[in-house]
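*Asks:* Below is the structure, and that's it, no one-letter string:
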C-alpha cells in the first residue's frame with residue numbers, strides 16, 4: 001500500500017512539474033519501424049512535444065537525424081541499441097509509446113504475432129519500469145489485448161504499477177468506424193462520433209452504432225465486420241509488405257496528443273483506450289476498452305458501455321469470451337517468462 005501511495009504521489013508531482021514547465025518528453029520505442037517512422041514525424045510536428053527520443057534495435061539515430069530537420073521547435077535525439085541507450089531514451093520521459101514488434105502478414109492474426117512481440121514488449125516494459133515508472137505508457141504493439149497485461153505484470157513485479165498510466169491504443173478502431181460510416185452516409189468523418197468498446201482484435205472490437213446518429217447501422221453486418229477486421233483489409237491490400245502503419249501512426253499520434261493535452265491542464269479530454277478497467281472485473285476480465293476521460297494523472301474517469309441493442313449485446317458476449325483468453329495469455333506469458 002505504501003509503495004502504491006508513493007508511486008501515486010510521485011506521479012502527482014511529475015504531472016504538476018510537466019504542466020508547470022509545459023515541457024513534454026515523448027519516447028518512441030520502435031521508432032524505425034513501419035509505424036514508428038510516421039509516428040515520429042507526426043510527434044515532431046506536435047507543438048506539445050518539446051523533446052522527442054527515438055529508439056530502435058536498428059536505425060534509431062538515422063530516423064532521428066531525418067526527423068530532426070523538420071522545422072518545429074522540439075529537439076530530437078536518436079539512441080543506440082544498447083541497454084544504456086534505451087535507459088537514456090526513457091529517462092525523464094512523460095509519455096512512452098511502444099509500436100515495436102513485427103508486423104502482420106497475410107493470413108496472420110494478431111495472436112500469431114504473440115510469441116515474437118510478447119518478449120519484445122516485456123523487455124521494453126522492464127526498461128520503462130526501471131527508467132521512467134511514472135510515465136504514461138501507450139502500447140501499440142500487437143496483440144494489444146495481451147501486450148497491455150504483459151506490461152502491467154512487469155510493472156507489478158517491480159512495485160511500480162499505476163493502472164491510471166497504462167494505455168492500449170485503440171484509437172484506430174474509432175477512426176476506422178467514423179470513416180466507414182461517413183462513406184455510407186456521405187458525411188464528414190469528424191462529425192461521426194462512434195463508440196467502440198472491448199479490445200483491439202477481431203471480434204473483441206465492438207462498435208456501438210446504436211449510440212450514434214445512425215442506430216440503423218448496428219444491423220449492418222458487413223459494416224460491423226469491416227470495423228472488426230479493418231486491419232485484415234490493409235494486410236491483404238499490401239500483399240505481404242506490411243500491415244496498417246500509416247493509419248496506426250495517426251491513431252497513436254492522436255492518443256499521445258490527448259494524453260499531453262490532459263497532462264498540461266486541458267479539461268474534458270476523452271479518448272477510447274484499452275485499460276485496467278472495473279467494468280467487467282466481476283467476470284474475471286481485468287482490461288477493457290471504453291471511453292476514458294484523461295487528466296494530469298492519466299485516467300481520470302472510465303465511462304460505462306451504456307445501453308446497447310440486441311445485436312450489440314451478442315457482439316459483447318463474443319468479445320468477452322475472447323478477451324478473457326487474450327488477457328490470460330499475456331499474464332501467463334510473464335509468469336512463465338519473467339523479465340530478467
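*Replies:* Nice, thanks for sending it over. Since we're looking at a predicted model, the values are computed, not measured.

*Asks:* Go ahead and confirm residue 280 touches residue 289.
*Replies:* No - if you go by C-beta atoms under 8 Å, residue 280 and residue 289 don't touch, sitting 10.9 Å apart. For every residue, glycine as well, the C-beta is placed using N, CA and C.

*Asks:* what packs against the longest helix seen in the chain?
*Replies:* Ordering each helix of the chain by length in residues (DSSP state H) puts helix 310-336 first. Judged by 3 or more C-beta pairs under 8 Å, 6 or more residues apart in numbering; DSSP states H and E, the packing partners of helix 310-336 are helix 114-131, helix 144-157, strand 195-198, strand 205-208, strand 287-295.

*Asks:* one more time with 7 Å, if that's ok
*Replies:* The contact analysis (3 or more C-beta pairs under 7 Å, 6 or more residues apart in numbering; DSSP states H and E) places helix 310-336 against helix 114-131, helix 144-157, strand 205-208.

*Asks:* Columns mean pLDDT and distance to residue 67 on top of those, output as CSV?
*Replies:* Listed next are the helices and strands packed on helix 310-336 as CSV, based on pLDDT from 0 to 100; distance: least, C-beta to C-beta, whole Å:
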stretch, mean pLDDT, distance to residue 67
helix 114-131, 95, 20
helix 144-157, 98, 25
strand 205-208, 98, 31
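
*Asks:* Out of these, the one nearest residue 165 is which?
*Replies:* helix 144-157 (9.0 Å; C-beta to C-beta).

*Asks:* Could you tell me how far the helix or strand following the closest one lies from the centre of the chain?
*Replies:* Past helix 144-157, heading to the C-terminal end, the next element that is a helix or strand (DSSP states H and E) is strand 166-168. Offset of strand 166-168 from its chain centre (C-alpha atoms, centre = their mean, to the nearest Å): 5 Å.

*Asks:* average model confidence for strand 166-168?
*Replies:* On average, the pLDDT along strand 166-168 is 98.

*Asks:* The helix or strand just after that strand - contacts with which helices or strands?
*Replies:* Downstream of strand 166-168, the first helix or strand assigned by DSSP H and E is helix 171-185. Secondary-structure packing of helix 171-185 (3+ C-beta pairs under 7 Å, 6+ apart): strand 195-198, helix 221-228, helix 246-263, strand 269-276.

*Asks:* mind listing what's buried in helix 171-185?
*Replies:* 171-178, 180-182 (16 or more other C-beta atoms under 10 Å).

*Asks:* May I see the buried residues of stretch 244-256?
*Replies:* 244-245, 247-256.

*Asks:* now stretch 81-94
*Replies:* Result for stretch 81-94 [16+ other C-beta under 10 Å]: buried residues 85-90, 92-94.

*Asks:* End to end on it, go ahead and measure it.
*Replies:* 21 Å (C-alpha to C-alpha, to the nearest Å).

*Asks:* Look at residue 280 and residue 289 and report which has more neighbours.
*Replies:* residue 289 (31 against 19; other C-beta atoms under 10 Å).

*Asks:* That one contacts residue 199, correct?
*Replies:* Yes - using C-beta atoms under 7 Å, residue 289 is in contact with residue 199, at 5.9 Å.

*Asks:* Between these two, which contacts overlap?
*Replies:* residue 274 (C-beta atoms under 7 Å, 6 or more residues apart in numbering).

*Asks:* Where do the domain boundaries of this structure fall?
*Replies:* What automatic domain parsing lists as the domains of the chain is 2-170, 171-327.

*Asks:* I'd like to know which of these lies nearest to residue 336.
*Replies:* Nearest to residue 336, of the domains of the chain and by C-beta to C-beta, is domain 2-170 at 10.3 Å.

*Asks:* so how far is that closest one off the chain centroid?
*Replies:* Worked out by C-alpha atoms, centre = their mean, domain 2-170 lies 10 Å from the chain centre.

*Asks:* returning to that earlier point: format the buried residues of stretch 81-94 as JSON lines; extra columns: distance to residue 100 and pLDDT.
*Replies:* Shown next, in JSON lines, are the buried residues of stretch 81-94 (distance: C-beta to C-beta, whole Å; pLDDT from 0 to 100):
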{"residue": "85", "distance to residue 100": "14", "pLDDT": "98"}
{"residue": "86", "distance to residue 100": "11", "pLDDT": "98"}
{"residue": "87", "distance to residue 100": "16", "pLDDT": "98"}
{"residue": "88", "distance to residue 100": "17", "pLDDT": "98"}
{"residue": "89", "distance to residue 100": "12", "pLDDT": "98"}
{"residue": "90", "distance to residue 100": "13", "pLDDT": "98"}
{"residue": "92", "distance to residue 100": "20", "pLDDT": "97"}
{"residue": "93", "distance to residue 100": "15", "pLDDT": "98"}
{"residue": "94", "distance to residue 100": "19", "pLDDT": "98"}
